[in-house]
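Participant: With the input below, show me the fold.
(chains A and B)
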2 protein chains.
Amino acid sequence: MENKQNKMDVLRHSLSHILAAAVLELFPKAKFGIGPTIDDGFYYDFDLPRPLTPEDLPIIEEKMRALIKQNLAFKQEELAVAKATALFQKTKQNYKVELIKELSAQGQVTSDKKKLTTNHLPLVTLYKTGSFVDLCRGPHIKSTNEIPVDAFKLMKISGAYWRGSEKNKMLQRIYGTAWKSKTDLESYLKRIEEAEKRDHRKLGKELELFLIDPTVGMGLVMWQPKGALLWHIMEEFWYKEHLKNGYELVRSPHIGSRQLWETSGHWGFYADSMYPPMEVGRSLDEVKAGKKATSKEEYLIKAMNCPFHLLICNARLRSYKELPLRWAESAAVYRYEKSGELSGLTRVRGFTQDDAHIICTKSQVKEELKRVIDFILYMLGIFGFKDYAIYLSLRDPKNKAKYAGDDEGWKFTERVLEEAAKEKGLVYQTDIGEAAFYGPKLDFKIKDCLGREWQCSTLQFDFNMPEKFDVTFINDQGKKERPYMLHRALFGSFERFIGVLIEHYAGAFPVWLAPEQIWILPVGSRHEDYAKQVADKLRQDDIRVIVKSDNETIGKKIRDGENQKIPYLLIVGDKEISADSVAVREHDKGDLGPMKLDKFTEKILGEIKNKN
Amino acid sequence: MENKQNKMDVLRHSLSHILAAAVLELFPKAKFGIGPTIDDGFYYDFDLPRPLTPEDLPIIEEKMRALIKQNLAFKQEELAVAKATALFQKTKQNYKVELIKELSAQGQVTSDKKKLTTNHLPLVTLYKTGSFVDLCRGPHIKSTNEIPVDAFKLMKISGAYWRGSEKNKMLQRIYGTAWKSKTDLESYLKRIEEAEKRDHRKLGKELELFLIDPTVGMGLVMWQPKGALLWHIMEEFWYKEHLKNGYELVRSPHIGSRQLWETSGHWGFYADSMYPPMEVGRSLDEVKAGKKATSKEEYLIKAMNCPFHLLICNARLRSYKELPLRWAESAAVYRYEKSGELSGLTRVRGFTQDDAHIICTKSQVKEELKRVIDFILYMLGIFGFKDYAIYLSLRDPKNKAKYAGDDEGWKFTERVLEEAAKEKGLVYQTDIGEAAFYGPKLDFKIKDCLGREWQCSTLQFDFNMPEKFDVTFINDQGKKERPYMLHRALFGSFERFIGVLIEHYAGAFPVWLAPEQIWILPVGSRHEDYAKQVADKLRQDDIRVIVKSDNETIGKKIRDGENQKIPYLLIVGDKEISADSVAVREHDKGDLGPMKLDKFTEKILGEIKNKN
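Facilitator: Have a look, this model is predicted:
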C-alpha cells in the first residue's frame, strides 16, 4: 500500500525520466548518469556536449511539458544483463553500461527463478518513456497524464562528479522540484525564497555579524563587532535573568587534565567527540616529529562544564540547608563534529553553552523542574519563538543495561519530569529510548527557516556525574546523602540560538536586540551638527546610535539603512531642525512622519523596555 | 668593599650560628645540618631528640640573647680535612662529616698552595663561637657585640629533609629574621602580619572566591560563586566603559589551526610557551598508544587574540574613514608557564586578558595612545590603586637584529609613545632594551602585599602582526597603506588583577564590588519576616542582600559577617521593627547606630554610584 509520500516520490522519479527525455531531444548525444528523487523533488546527471546555462532551464521545462501532454506510458521491460548491456553500448550510454556491470558484480540483478530468462540468465529492469530508455527498478506512474503540468519547476544546475568521486568526470546536474498542485508548488517556492532571504549564513555575511574562516578552522566562529554586540546584549540579559531567578554564577577553565576527564568518565565514553589531548612534556622536537612524549602530562579542551562545577561543589562539605545549588556558567566548549555535519552557526565545533547545574534534594526536584520549565518558556517567549516542539525522552525499559542509575531512580525521575511537564501545560511528544544514558530529559526544538528542528533548550537529569565525583550533602538527619543533579540550558548554545534567531527575525532584530538601533541621516552636511546633537541626547538614554555623515545622497543612505535592517532611520534636514524634530522611518513599516525628539525617545525606550 | 646588603647578610649568618649554639646548650645531643641566610633572615636545620613546639622558640631566643651578651668572638680556624672529619666524628656530627666528604669529592676544599697544611693536605674552614664549632666558610662578624639583641626574632619551625631529598631523614628547621634595629624589626613584623592577612591565596579560600585543584591542573582557576560574581561585576563595568569609550566588541574562538599560528609567527617564536597541538585525525587507538596520526589536522589553544582580530579586520577592505578601529575582547588565553613560577592568581596558566587592539593611521597614533593612557589611569583609579610603577620599554639600538620593524618605525613609535606619556604627566622609568621584539611599550606594574610588582596594564606597539597578516586600508589617496597597531590591556588579566585587588583591599571590597553587599541579621526568628521585607526592598534597587536566618546567636552572626568582610550588616530586632529602621554596622567602622531604611538605602546607593 502506497502512502502519500510514496506517491509523490514515484511522481518525482517519473519526472526525472521526463527531464532526461527532454534533454535527449535537445542533445541527442547526451549521456545519462543517474536520476533519483530528493526531498521536494528530483535531479538527473548528464554528460552533455556543452555547459548548460540558467537560460536552458525554461526551454527544457517546455520540452518536458510537451512530452507530458503526449500522454506517454512508462513501459517496464525486463532484459537479460547481456542484452541490456548491448543496448546501452549501442546508444553509447557508457555510464549505464558501467552501472549494469556493477549491479551484476553486486548480485543486484534479478535472480528470482520465476523471473530469469528462459536461458536462466539474470535480468535487469528498464523503463521506456517515448524514445528515452533508462536502467531503472521503478516504480513509476503508468502514464504522463498523471503529472500535473503546472506543479513542477527546474530549479538549478550544478556540477557533480560521476559516482561522487573527484577522480571521475564532472557531469551537469539539473535539479527540479515537483508537487501535487500548482498551489503547493507556489507555496514551496515562496518558502524557499523566504528561507534564502532568512538564511543566517547569508545574513551573517550581509549584516557583518560573524565569520568562519578555514585558516582558523571549520566550525569555529569569529564574531564581528555587530555580532559580538548582539551577543553581549543577549548575554547581559541572560546574566540579569539568572541572578534574578536565584542562580549563582561559577566559572571554570577551558582545559582540564586527562585525569579529570577519566574521573568524569568522558574520556571513556565521549573521547571520540572530544578534541584530542595536548601532551605537555613533549619537547618541541618531539612535537614537530610527531613523536611520543618522554614524560607527559595531558590536557583536554572541555566538551562540557559539569566536572568543574562538581569539583567546586566538593570544595567543602555541603549541608541540606544550602540546597538547591543553582550554578550557571556561559562557557565555550569544543566538540569535534564531522566536517560534513557542520552548518553555519547551527552546527559548529566550538560553542558557548548557556549552562547551569542544579543540585538539590529529592523533595526539591519537582519545584526545580517547574522553575526551569518556566524559565525556558519565558526565554523563548522573550525572543519571539512560538514554533517549537517539545520532546520527553525516556529510557528504553527493554535495554536497561545501556543506562546509568537504578530502576528506582529512573522511575522517580521519569515520573516527576512528566508530572512537571503536565503541570506546566506543555504539549510534548514522548520518545521511549531517547533518554541520555545518564538520565531522562525534556528537549525544546526550534525550527529554522527550512523547517529543520534544532535542539535548543534542554532539561536533563544526571545519575552519572554525582556518582563519579561522589557528590554528597549532609541531610537533616546528619547523614551523607547523594543529591539529584540537573543539567539545563535555555538557549542551548549562543551560537545556535543566534543562528535560529537571525532566521526567525530575517535579520531585522527587534529594537532591544539590534546592535545598531538608530541611524541618523543628515540630508546635507549643514545638518550634521544637529544630527550629532540628536545622537548625543539619545545616547544619554543608552540608545545605540550611528550618525551617517558620509558623502552620499539621502536616498542611498535610506536604502543602506533598510538593507542593514536598522530598526529606526531618523532623517534630519532644515524642516526637522526648525521644528526640533526628526523624520522617522521604521524598518518594514516605512515613513512614520516627523516626531518631536522627546516623543520619539519615549516611544523607542518603551519598545526597548518591553522587548518589542 | 662590603655594601649594606652584605653587612646584613653577615650579621644574619652569624645569628644562625648563635641559634645553633643556643640549641646545643638546650640539646647537648643535637646534630647540625646547614644554616644559611635567606631574604630577611636565616635558618638552621637540626636533628633533635624530640620535636620542637612553638613554645620552644622564646626559650631558644633567650638563650641566644644570653650568648650574644657574653660578647663571644667568631674564631676562624683552618683544619686539614682529615682532622676536621675526626673532630666532627668525635662529636657525632655525622651531617658535618658527610658535608666535608662531599666538599672534598667536589674539590671544594682549600687547595691554595700557600694555605695547605705543612703536609700539603687540603684544608677546610671552621668557625668557633663559644662551645659551638661549625664547618663554615664565613665571613662572620668579629664578635657577638655587633648584634643588636632586640632586632631579631625566631619565626617558625618547619620540617626539611636533609639535603632536600625525601630519601633522607626529616630534620627540624628553625627560621629567624634579623634587622639593623628594633624599629626595622617591628616594621618588618607588621608588614609580614599585614601581608599574611592580605595574601590573596589565603583570602581566596576564606572568602570562597576561587579554587585551584591539581585534578584540573595547576595554574587553572575555578571560580566559586562569590568570586564569579565579583568577576561578573568587574566585567560588566569593563564592557560598559569600553562601549562608552568608543570601543567595539569582537569575539574569537579559543583554538585555531596550526596554520593560523604559523601565519602569525607564534608557532615559530612562541611555541615553547603554548600548550602543544591537538592532533585531530589520530584514531583513539593512536592517541592512547601515543602514536603519530596517519592523517592529521592540528589545533592550538590560543595564547593571544591578535591573529583572530586581524582576520576579522581582513574580512573586507577597510577605508581610512573607518579608522581607528578599537576592538575589545575579554578572552581566556592559555600559556604553559613552568610549574615553579605559578602563584595563586598572579601567575597562572589560563588567564583572561582584557584585551583590545587599536588599528589606526599614523596621524591618529598619538591621540589613541593618550586615550589609552587616560583609560588606564581611570581604571586603576576606580579600583583604588595609587601605588604602581610605570616603565617605558624601548629597543636596544645596539641589537637591532632582535627586533621586527624598521628604524623609521621605531623612531616614530618610541618618540610618540614618550611624548604621549609626558603630555599625560606620567612619571616613568625608561628601560632601554626592554621593548618587545615587535614594538616599544608602556607597562604599569602594581605592587602586591609583599611588595612584588605585577605587570597589569600595558600599551604596546606591534610592527609584526600587521605585516604577517598583510593588514592594509585604503588611504585618502585611494592607495593601500599599512596601519599602525596597538595592543592594550587595562587589567592585564582578570585573574592577576583580582589577585592584587584582593590584597589591595585585604578582601574587604568596596561596596560596589562586594559580591555580598549586605547581610541582614534578624535577632530572633520572630524578626525574620521583617528581615525579608527589608531585603526585598533593597533588592528592588539591585542591591545584593543575604538574609542570615540560621539558628545562631546574633553575636556569632556578626562575627561571621565581619570575617566574611561584608560591607554592611543590618541587625533587625523589636526596636528596629517598631521604628521601621535597621541597626547598621559598617565593615571596619563598627556600629553606626539605627537608621531609617530609606536613609540607609540612599547612603549605600550613593556609595555604589560613586564606587566608594
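
Participant: going forward, measure contacts between C-alpha atoms and count neighbours the same way
Facilitator: Will do.

Participant: Not counting sequence-adjacent ones, nearest residue to the residue nearest to the spatial centre of chain A?
Facilitator: Closest residue to the average C-alpha location of chain A: residue A:346 at 4.1 Å, with CA atoms, centre = their mean. In space, residue A:346 comes closest to residue A:496 once its chain neighbours are excluded; the distance is 4.2 Å by CA to CA, 6 or more residues apart in numbering or on different chains.

Participant: contacting residues for that neighbour?
Facilitator: By CA atoms under 8 Å, 6 or more residues apart in numbering or on different chains, the residues touching residue A:496 are A:345, A:346, A:347, A:456.

Participant: tell me the SS of the first one?
Facilitator: Okay, so that is residue A:345. At residue A:345 the chain is in coil, as set by DSSP: H, G, I helix; E, B strand; the rest coil.

Participant: Where does pLDDT dip in chain A?
Facilitator: For chain A, applying pLDDT under 70 flags the ranges A:1-5, A:108-121, A:282-295, A:449-450.

Participant: immediately after the longest helix seen in chain A, which helix or strand?
Facilitator: Using DSSP state H, we find that the single longest helix of chain A is helix A:4-26. Using DSSP states H and E, the helix or strand that directly follows helix A:4-26 along the chain is strand A:31-32.

Participant: which outside residues touch that following strand?
Facilitator: A:20, A:44, A:45, A:46, A:47, A:48, A:92, A:93, A:94, A:95, A:96.

Participant: can you confirm the fourth one is in a strand?
Facilitator: Yes. Using three-state DSSP, the assignment for residue A:46 is a strand.

Participant: Now for it: which residues touch it?
Facilitator: Taking CA under 8 Å, 6+ apart as the test, what residue A:46 contacts is A:30, A:31, A:32, A:33, A:171, A:172, A:173.

Participant: Tell me, how many residues neighbour the residue nearest to the fourth one when sequence neighbours are not counted?
Facilitator: Leaving aside its sequence neighbours, residue A:33 sits nearest to residue A:45 (CA to CA, 6+ apart; 4.9 Å). Per other CA atoms under 10 Å in any protein chain shown, the neighbour tally for residue A:45 reads 25.

Participant: and if you look at residue A:347?
Facilitator: By other CA under 10 Å, neighbour count at residue A:347 equals 18.

Participant: so it touches residue A:341, yeah?
Facilitator: Yes. Using CA atoms under 8 Å, residue A:347 is in contact with residue A:341, at 6.9 Å.

Participant: sorry, back to before: could you identify the most distant pair in the contacts of residue A:496?
Facilitator: Farthest pair in these (CA to CA) is A:345 and A:456. Separation: 12.4 Å.

Participant: what comes up buried for stretch A:499-508?
Facilitator: Across stretch A:499-508, burial judged by 16 or more other CA atoms under 10 Å in any protein chain shown covers A:499, A:500, A:501, A:502, A:503, A:504, A:506, A:507, A:508.

Participant: closest to chain B among these?
Facilitator: Comparing those against chain B with CA to the nearest CA picks out residue A:499 as the nearest, at 15.7 Å.

Participant: residues in contact with the nearest residue to that closest one once chain neighbours are set aside?
Facilitator: Spatial nearest neighbour of residue A:499, chain neighbours left out: residue A:345 (5.2 Å); criterion: CA to CA, 6+ apart. Residue A:345 makes contact with A:200, A:201, A:219, A:221, A:495, A:496, A:498, A:499 under the criterion CA under 8 Å, 6+ apart.

Participant: follow-up on the earlier one: select from the contacts of strand A:31-32 the one having the most neighbours.
Facilitator: Neighbour max across the contacts of strand A:31-32 (other CA under 10 Å) = residue A:20, 30 neighbours.

Participant: Surely it touches residue A:132?
Facilitator: Yes. Between residue A:20 and residue A:132 there is a contact under CA under 8 Å: 7.4 Å.

Participant: if I look at those two, which residues touch both of them?
Facilitator: By CA under 8 Å, 6+ apart, no residue touches both residue A:20 and residue A:132.

Participant: Show me the helices in the stretch 351-500 of chain A, by range?
Facilitator: Ranges of helices in the stretch 351-500 of chain A, per DSSP state H, counting those that start in this stretch, are A:365-382, A:407-423, A:464-468, A:494-504.

Participant: does chain B sit close to the shortest one?
Facilitator: No. Counting by CA under 8 Å from any CA of the partner chain, chain B has no neighbours in helix A:464-468; the shortest distance is 13.6 Å.
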